[in-house]
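[1] sequence-free structure coming up:
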């Protein structure tokens with residue numbers, strides 16, 4: 001046996017991993033009772049395990065359950081899982097791929113610093129991607145997201161430096177700050193047609209982004225939203241009544257070298273001041 005466990009009226013909860021096995025199997029049942037969960041911190045800081053095979057129909061994985069399992073390369077997640085707690089896979093630096101079950105929410109820091117992760121598919125049914133969920137996933141190149149997501153929170157994809165394309169579902173009505181800040185390789189982005197506010201630093205330091213098109217639904221662009229998008233040479237804004245904050249285009253050298261763009265922004269800001 002590779003773990004300690006507790007029992008409640010519903011089944012078995014694994015509370016701690018023991019031993020030094022590189023491969024661990026979580027069985028369907030123990031002592032004739034179904035295994036239904038993995039508790040908080042159960043496998044955290046395990047620097048030996050490389051592979052986890054889950055046979056059980058788990059319902060929940062607790063927060064920090066696999067945090068800093070630095071050798072973990074593969075784990076299968078049963079579709080029976082309904083909740084995975086925050087930071088459950090944070091710092092799993094060798095985890096290259098994972099298939100998520102039908103969750104309602106991608107919790108805070110769930111895959112933060114999973115620097116080998118290259119692809120993630122957000123399952124249908126997810127409504128919220130919480131703050132820092134994929135922060136510093138330095139090799140993440142592709143994210144597929146379905147319609148139905150309502151909110152993406154602060155820094156969700158912060159410094160995903162190899163992410164090349166980002167298509168925000170049109171169901172998204174709200175984002176947090178800096179969700180794509182520092183995505184240096186980002187070349188194309190689609191912002192939700194339901195978005196009303198472009199938050200602080202939303203696309204800042206996306207240095208290979210060439211085109212930014214503002215959806216007609218947007219009413220305000222906050223401070224520094226596109227700062228240091230130095231390659232951007234095409235900014236599309238149809239709504240002349242949109243509110244624009246300060247330092248929105250700071251360091252956007254290609255745009256600021258364009259006399260026509262600069263003059264149009266000056267007129268826009270003057271009109272904005274006149275409306276106050």
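    Yes, it's here. All values derive from a computational prediction rather than experimental measurement. Residues are numbered from 1 along each chain as shown.

[2] in the protein, where is pLDDT below threshold?
    1, 273-276 (pLDDT under 70).

[3] now stretch 160-179: how far from the chain's centre is it?
    8 Å (CA atoms, centre = their mean, to the nearest Å).

[4] what's the span of that stretch from first residue to last?
    10 Å (CA to CA, to the nearest Å).

[5] what comes up buried for that stretch?
    The neighbour-count criterion (16 or more other CB atoms under 10 Å) identifies 160-161, 163, 166, 168-172, 175-179 as the buried residues of stretch 160-179. No exception for glycine: its C-beta is placed from N, CA and C like everyone else's.

[6] stretch 46-61 too?
    46, 49-50, 52, 54, 56, 58-61.

[7] got the contact list for it?
    Outside of stretch 46-61, the residues within contact range by CB atoms under 8 Å, 6 or more residues apart in numbering are 17, 20-29, 34-38, 43, 66, 68-78, 80-85, 88, 94.

[8] can you tell me which of those are buried?
    17, 24, 26, 34-38, 43, 66, 68-69, 72-73, 75, 77, 81, 83-85, 88.

[9] related to what we said a few turns ago, tell me which of the contacts of stretch 46-61 fall in strands.
    17, 23-26, 29, 34-38, 74-75, 83-84 (DSSP state E).

[10] show me the helices in this structure, by range?
    For the chain, the helices defined by DSSP state H occupy 253-256, 259-275.

[11] show me the contacts for the closest residue in space to residue 199 that isn't next to it in sequence.
    Distance criterion CB to CB, 6 or more residues apart in numbering; nearest residue to residue 199, sequence neighbours excluded, is residue 177 at 4.8 Å. Counting by CB under 8 Å, 6+ apart, residue 177 makes contact with 154-155, 199-202, 222.

[12] now these: which count as buried?
    154-155, 199-202, 222.

[13] adding distance to residue 238, write these out as JSON lines.
    Below are the buried ones among the contacts of residue 177 laid out as JSON lines (distance: CB to CB, whole Å):
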{"residue": "154", "distance to residue 238": "28"}
{"residue": "155", "distance to residue 238": "29"}
{"residue": "199", "distance to residue 238": "20"}
{"residue": "200", "distance to residue 238": "23"}
{"residue": "201", "distance to residue 238": "23"}
{"residue": "202", "distance to residue 238": "18"}
{"residue": "222", "distance to residue 238": "19"}
